[in-house]
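Asker: give the three-dimensional model of this entry:
(3 chains)
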Amino acid sequence: MSRIDTRLAELGLVLPEPLKLPPGVTLPFPWVSTRGNRVYISGHGPVDADGSLSEPRGKVGADVTPEQAKELAGKVALTILSSLRDELGDLDRITGWCKILGMVNSAPGFNNQPEVINGFTDIILDVFGPEVGRHTRSAVGLAELPFDIAVEIEGEVEISL
Amino acid sequence: MSRIDTRLAELGLVLPEPLKLPPGVTLPFPWVSTRGNRVYISGHGPVDADGSLSEPRGKVGADVTPEQAKELAGKVALTILSSLRDELGDLDRITGWCKILGMVNSAPGFNNQPEVINGFTDIILDVFGPEVGRHTRSAVGLAELPFDIAVEIEGEVEISL
Amino acid sequence: MSRIDTRLAELGLVLPEPLKLPPGVTLPFPWVSTRGNRVYISGHGPVDADGSLSEPRGKVGADVTPEQAKELAGKVALTILSSLRDELGDLDRITGWCKILGMVNSAPGFNNQPEVINGFTDIILDVFGPEVGRHTRSAVGLAELPFDIAVEIEGEVEISL
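Answerer: Purely as a prediction, here's the structure:
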C-alpha cells in the first residue's frame, strides 16, 4: 500500500466515488489534467461516499452554517484526492501542493471564508504533512456557484515525472 | 497555413481584431504573456469581429439569457485565440491547454455557470482536439465584472520552446 | 543593497511588517510558497506599515471610494513584496511576474475593477520595470472578502534557481 493510502487509512478517511452529475448536465472537461510536472485541478464541489453532491447547499451564512461549510470543504478535499488518484494511480507521486482557490457561496455579510476553507487545508496537511502539503491559497466569497453548492475548490499540484 | 489556422477556416471561425478599449480606460498589462513554457492569459471579455465589446452586457439570468451568455463565452474563446496568435505567431506552438477560470456575471439565483462556459470549452476542443485542447476549469458566479460584461475568462497554456 | 531594494528606496517605498491577524484567526498556510522555479502567492489584503489591516474596509462603490481602493491595491503590492522578500531573501531573484488575480469587494453596480487593480500593477511595473514586471491579470468583483477587506490579490512569479 502506498504511503498516502496508508496515511488515509490511519486517519479513517475514505475517498468517495467520482461525482454523479445532475441529470442532463454535460461537463466536457477532465476533473484533473497533467501537463508536464503539474497537475491542474478543476473546481470540485463536495460529494458523499457514493458520488452524489453533498447537502446542504446554498449560501454560507444563510442556508448553510459556517461549521457545515467547513465540513463540506473537508469533503471537497477527499473528492479532489479521489480525482487525483484516478489520474495518477498513486498519490505518492505528488511532490508538492502548489496552490488552491477556495470559493465560498457567500450570503451578504458573511466574511469568514478562511475558516471555511481551513476544512480543506487541515485535511491536506494531515494527509501529506507540512512539506508536501503546504499550499498557498485564497478563500473568497462568490456570488453564485454551480448547482448552488456551498463550496468549490480548484488548485494545482506538482508531481515527479 | 498552420494546422490550427486551417482548422479555424474549416470551422468557419474568424478571429476578431484586438479589443478596442472604452474611452479613457488604460490597461497597463499584456493580454497574454510568456514565461518559460507557459503562456498566461489575462481575463478576456467577448468582442465582435471589429474588436468592440460584444453586447448584450449585464447579469446572466436577468439582463442576459443563458443561451446568449454561452454564445458570448464562444466569442471569448475567439478573442483569446486572437491574443495568443499575436503573441506566438503560430497557434500550432500550443502543446496543451492547462486551465481556465470561467467567470460569469451572475444574477441572484443563476447557477448554471458550467453550461455557459461550455460555449468556450466546446470551441477549444473543436479547434485543438481532445489531447491538446483538454483543460481543467472552474465556472463560477461573480458579483460584478469590468464594464458590466457578462462573461470573462482567464487561463494558461503550455507551449513548445 | 540589491537592485530591487535600491529601486524601492528611490521610489520612497517601505515594505510593511508581516500581517497581524485579527484575534482568534488561524491561517494554516504560507503567504508565499516556492515549488520549482515558481513562487505562488496567497491572496493578500492591504496592510499598514505595522502589519495591521488597512482601513477603510467594505464594499468599493459604497463604503470605499474607487480612489481609496486603488490606494489599497498599492498597499497590497507592498504587502506581497514583503512576503516575497521574507521567502526569497532577495527580490532580485524574481525573473518575471507571471499572473495576478485582483479581487475587488464590489458594491452592486460597481464595475471599474481594472482601475482599482492598476494601483497594484503600477507599483510592480515601477519597481521591476516592464520586462520583469509585466504580468497578466484579471480584475473582478467578488461578493464578499475575508474580514471585509476591500481588495485581495493572489499571484505567481518566476524565479531563478
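Asker: residues in chain A within reach of chain B, list them.
Answerer: Residues of chain A lying close to chain B by C-beta under 8 Å from any C-beta of the partner chain are A:25-33, A:35-36, A:38, A:40-43, A:101, A:103, A:142-148, A:152, A:154, A:156. The way it works is simple: take the backbone N, C-alpha and C, and place the C-beta from them, glycine included.
Asker: can I get stretch A:84-95 as CSV, trimmed to CA atoms?
Answerer: Coordinates of each C-alpha in stretch A:84-95 appear next as CSV, following Å, rounded to 0.1, in the frame of the first residue of the first chain:
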residue,chain,number,x,y,z
LEU,A,84,-6.1,12.8,-8.3
ARG,A,85,-5.7,9.1,-7.5
ASP,A,86,-7.7,8.2,-10.6
GLU,A,87,-5.3,10.4,-12.7
LEU,A,88,-2.0,9.5,-11.1
GLY,A,89,-2.6,5.9,-10.0
ASP,A,90,-0.7,6.6,-6.8
LEU,A,91,-1.0,9.7,-4.6
ASP,A,92,2.7,9.3,-3.6
ARG,A,93,3.6,10.8,-6.9
ILE,A,94,2.6,14.2,-5.6
THR,A,95,5.8,16.0,-4.6
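Asker: what is the mean pLDDT for that stretch?
Answerer: For stretch A:84-95, mean pLDDT rounds to 97.
Asker: residues of it that come out buried?
Answerer: Within stretch A:84-95, the residues scored as buried using 16 or more other C-beta atoms under 10 Å in any protein chain shown are A:84-85, A:87-88, A:91-95.
Asker: I'd say A:Ile80 and A:Tyr40 touch.
Answerer: No. Using C-beta atoms under 8 Å, A:Ile80 is not in contact with A:Tyr40, being 11.5 Å away.
Asker: ok, then the element right after the strand ranked longest in chain A?
Answerer: For chain A, the strand with the greatest residue count under DSSP state E is strand A:94-105. Downstream of strand A:94-105, the next assigned helix or strand under DSSP states H and E is helix A:113-133.
Asker: near chain C, anything from whichever helix or strand comes after that next one?
Answerer: Using DSSP H and E, the helix or strand that follows helix A:113-133 in sequence is strand A:136-142. Yes. Against chain C, strand A:136-142 shows contacts by C-beta under 8 Å from any C-beta at A:136-142.
Asker: same thing with stretch A:19-35?
Answerer: No. Residues of stretch A:19-35 are not located near chain C by C-beta under 8 Å from any C-beta, the shortest gap being 13.4 Å.
Asker: show me what counts as buried in that stretch.
Answerer: A:19, A:27-35.
Asker: that stretch: end-to-end distance?
Answerer: Its first and final residues considered, stretch A:19-35 spans 23 Å by C-alpha to C-alpha, to the nearest Å.
Asker: residues contacting it, please?
Answerer: Contacts to stretch A:19-35, defined as C-beta atoms under 8 Å, 6 or more residues apart in numbering or on different chains, come from residues A:18, A:39-42, A:44-45, A:47, A:50-53, A:79-80, A:83-84, A:86-88, A:147, A:159, B:96, B:98-99, B:114-115, B:118, B:121-122, B:125, B:134-137, B:158.
Asker: next one: it to chain centre, how far?
Answerer: Offset of stretch A:19-35 from its chain centre (C-alpha atoms, centre = their mean, to the nearest Å): 14 Å.
Asker: quick one: low-confidence residue ranges for chain A.
Answerer: Low-confidence segments of chain A (pLDDT under 70): none present.
Asker: which helix in it has the most residues?
Answerer: Among the segments of chain A that qualify as a helix by DSSP state H, the longest is helix A:66-88.
Asker: and that one, what does it pack onto?
Answerer: strand A:32-35, strand A:38-44, strand A:94-105, helix A:113-133, strand A:151-159 (3 or more C-beta pairs under 8 Å, 6 or more residues apart in numbering or on different chains; DSSP states H and E).
Asker: what angle do that helix and strand A:136-142 make?
Answerer: Orientation of helix A:66-88 against strand A:136-142 (axes from the mean of the first three to the mean of the last three C-alpha atoms, to 10 degrees) gives an angle of 130 degrees.
Asker: buried residues in helix A:66-88?
Answerer: Residues of helix A:66-88 classed as buried: A:66, A:68-85, A:87-88 (neighbour count, 16+ other C-beta under 10 Å).
Asker: how distant is that helix from the center of its chain?
Answerer: Remark: helix A:66-88 is offset 3 Å from the chain centroid, using C-alpha atoms, centre = their mean.
Asker: any idea how far apart the tips of stretch A:6-15 sit?
Answerer: When the termini of stretch A:6-15 are compared using C-alpha to C-alpha, they are 13 Å apart.
Asker: now it, how far from the centre of its chain.
Answerer: Centroid separation for stretch A:6-15 versus its chain: 16 Å, with C-alpha atoms, centre = their mean.
Asker: list of residues touching it?
Answerer: By C-beta under 8 Å, 6+ apart, stretch A:6-15 touches A:1, A:49, A:78-79, A:81-82, A:85, A:123, A:126-128.
Asker: can you redo the residues you listed as CSV with distance to A:Arg7?
Answerer: Formatted as CSV, those follow (distance: C-beta to C-beta, whole Å):
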residue, distance to A:Arg7
A:Met1, 10
A:Ala49, 19
A:Leu78, 13
A:Thr79, 18
A:Leu81, 11
A:Ser82, 15
A:Arg85, 13
A:Ile123, 11
A:Asp126, 8
A:Val127, 6
A:Phe128, 8
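Asker: residues in contact with A:Arg38?
Answerer: Going by C-beta under 8 Å, 6+ apart, A:Arg38 touches A:98, A:156-159, B:98.
Asker: who wins on neighbours among the residues you listed?
Answerer: Within the contacts of A:Arg38, most neighbours by other C-beta atoms under 10 Å in any protein chain shown means A:Val157, with 29 neighbours.
Asker: for A:Met103, what are its contacts?
Answerer: By C-beta under 8 Å, 6+ apart, the contact set of A:Met103 is A:43, A:140, A:142, A:145, A:151-154, B:138, B:140.
Asker: redo that, cut-off 10 Å
Answerer: Counting by C-beta atoms under 10 Å, 6 or more residues apart in numbering or on different chains, A:Met103 touches A:43, A:45, A:113, A:116-117, A:138-142, A:145, A:149-154, B:138, B:140-141, C:142.
Asker: picking that back up, now for A:Ile80 and A:Tyr40: what residues contact both?
Answerer: Counting by C-beta under 10 Å, 6+ apart, the shared contacts of A:Ile80 and A:Tyr40 are A:31-32, A:154-155, A:157.
Asker: what is the nearest of those to C:Gly58?
Answerer: Using C-beta to C-beta, the shortest approach to C:Gly58 within these belongs to A:Glu154, at 27.3 Å.
Asker: from chain C, how far off is that closest one?
Answerer: Here the criterion is C-beta to the nearest C-beta, to the nearest Å. By it, A:Glu154 lies 12 Å from chain C.
Asker: next one: A:Pro23
Answerer: Per C-beta to the nearest C-beta, A:Pro23 is found 28 Å from chain C.
Asker: hmm, back to that, now the contacts of A:Arg38 as CSV including distance to C:Ala62?
Answerer: Below are the contacts of A:Arg38 laid out as CSV (distance: C-beta to C-beta, whole Å):
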residue, distance to C:Ala62
A:Cys98, 35
A:Glu156, 34
A:Val157, 38
A:Glu158, 41
A:Ile159, 45
B:Cys98, 37
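Asker: filter these down to the ones near chain C?
Answerer: Restricting the contacts of A:Arg38 to those near chain C by C-beta under 10 Å from any C-beta of the partner chain leaves A:98, A:156-158.
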